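Colleague: Sequence and predicted model, in that order:
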Amino acid sequence: MRTVQRRIIVGALLVLGTGGLRAAEPNQLTPEEQAQGWRLLFDGRTLEGWQSLNKPAIAPGWVVTNGTITIRKNSKAGDLITNERFSNFDFRFEFRLTPGANSGVKYLVDPARAQGSHGIGPEYQVLDDQRHPDAKLRADGSRTTAALYDVLPASKEKTLRPPGEWNEGRIVVNGRRVEHWLNGVKVLEYERGSEEFRAALTKSKFSNMPDFANWADGHLLLQDHNDEVSYRNLKIRVLEPN
């Protein structure tokens, strides 16, 4: 009886996970998630629903392997974006770093604003905070994991799992309010266009873009930064704006 009970408990934990929405298996939705309006942006087998940013085809540096979307090191593949655009949403994903790696998840990306092979939009930084030098380039921490890259830092109390382990990211955009979550904890909240946001923007590399992040909608983007990083469990729920 004890063995049976243990199996039931373990199974329940796999389904619930952090925040109560993690599927029992990678790249799948539970019946509860489906009922709540969640849908997958990655089926675990193909790159259907994704495209290269400003390129006719997805470069071979982006590969689907072992149920992950992985960008190969030094592949110069360019950024990967969703076919669809989104405005108000709850987007959840998992990422796994390699030692010293740098990547990012951008949102509200407009390909017309791209600079070369890189999309422009607010970025949830994905970084090996301990090894990559970018983490120390801004004293406020706005270039570390889960920060709004180069604009606003994430909480210093965040918990980032080391390279080789999976971390759970989450981005919520509802009207002008934006939240960044890491491993089940909200680590940053800001309001697009607010006085605080504009003040931080003037100190960032986007200071010459006064409308930065204020456009209505855009694509989700996985960044190629010449390092190997893997993503999985990419799921989204469209929200009704407040």
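Modeller: Looks like it arrived, so ask away.
Colleague: and the one helix or strand residue 104 maps to, how far from the chain's centre?
Modeller: Take DSSP states H and E as the rule and residue 104 turns out to sit in strand 102-109. From the chain centre to the centre of strand 102-109 is a distance of 6 Å (Cα atoms, centre = their mean, to the nearest Å).
Colleague: likewise stretch 146-156?
Modeller: Put simply, stretch 146-156 sits 13 Å off its chain's centre (Cα atoms, centre = their mean).
Colleague: Buried residues of it, list them for me.
Modeller: Across stretch 146-156, burial judged by 16 or more other Cβ atoms under 10 Å covers 146, 147, 148, 149, 150, 151, 152, 153, 154, 155. Every C-beta, even on glycine, is put in place using the N, C-alpha and C of the backbone.
Colleague: Can you say which two of the residues you listed are spatially most distant?
Modeller: Maximum pairwise distance among those (Cβ to Cβ): 17.0 Å, between 150 and 155.
Colleague: quick one on the thing from earlier: show me what the strand holding residue 104 is in contact with.
Modeller: The contact list for strand 102-109 (Cβ atoms under 8 Å, 6 or more residues apart in numbering) reads 53, 71, 79, 81, 86-87, 91, 93, 95, 97, 119-128, 132, 134, 149, 169, 171, 173, 213, 215, 217-227, 229.
Colleague: now the very next helix or strand once past that strand against strand 102-109, angle please.
Modeller: Note on strand 102-109: by DSSP H and E, the next helix or strand toward the C-terminus is strand 123-127. Interaxial angle, strand 123-127 versus strand 102-109 (axes from the mean of the first three to the mean of the last three Cα atoms, to 10 degrees): 170 degrees.
Colleague: Now the next helix or strand along the chain from strand 123-127 - C-alpha only, PDB.
Modeller: Following strand 123-127 in sequence order, the next helix or strand is strand 166-174 (DSSP H and E). The C-alpha trace of strand 166-174 is given here as PDB (Å, rounded to 0.1, in the frame of the first residue of the first chain):
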ATOM      1  CA  TRP A 166      16.300  23.300 -16.500                       C
ATOM      2  CA  ASN A 167      15.000  26.700 -15.400                       C
ATOM      3  CA  GLU A 168      11.400  27.800 -15.700                       C
ATOM      4  CA  GLY A 169      10.800  31.200 -17.300                       C
ATOM      5  CA  ARG A 170       7.500  33.100 -17.600                       C
ATOM      6  CA  ILE A 171       6.500  36.400 -19.200                       C
ATOM      7  CA  VAL A 172       3.100  38.000 -18.600                       C
ATOM      8  CA  VAL A 173       2.000  40.900 -20.700                       C
ATOM      9  CA  ASN A 174      -1.400  42.400 -19.900                       C
END
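Colleague: Relative to residue 54, how far out is the residue most central in space within the chain?
Modeller: For the chain, residue 105 is the residue whose C-alpha lies nearest the centre (Cα atoms, centre = their mean; 3.8 Å). Plainly put, residue 105 is 18 Å away from residue 54 if you go by Cβ to Cβ, to the nearest Å.
Colleague: who's in contact with residue 89?
Modeller: Residues in contact with residue 89 (Cβ under 8 Å, 6+ apart) are 171, 172, 173, 236, 237, 238, 239.
Colleague: Brilliant, that's me finished.
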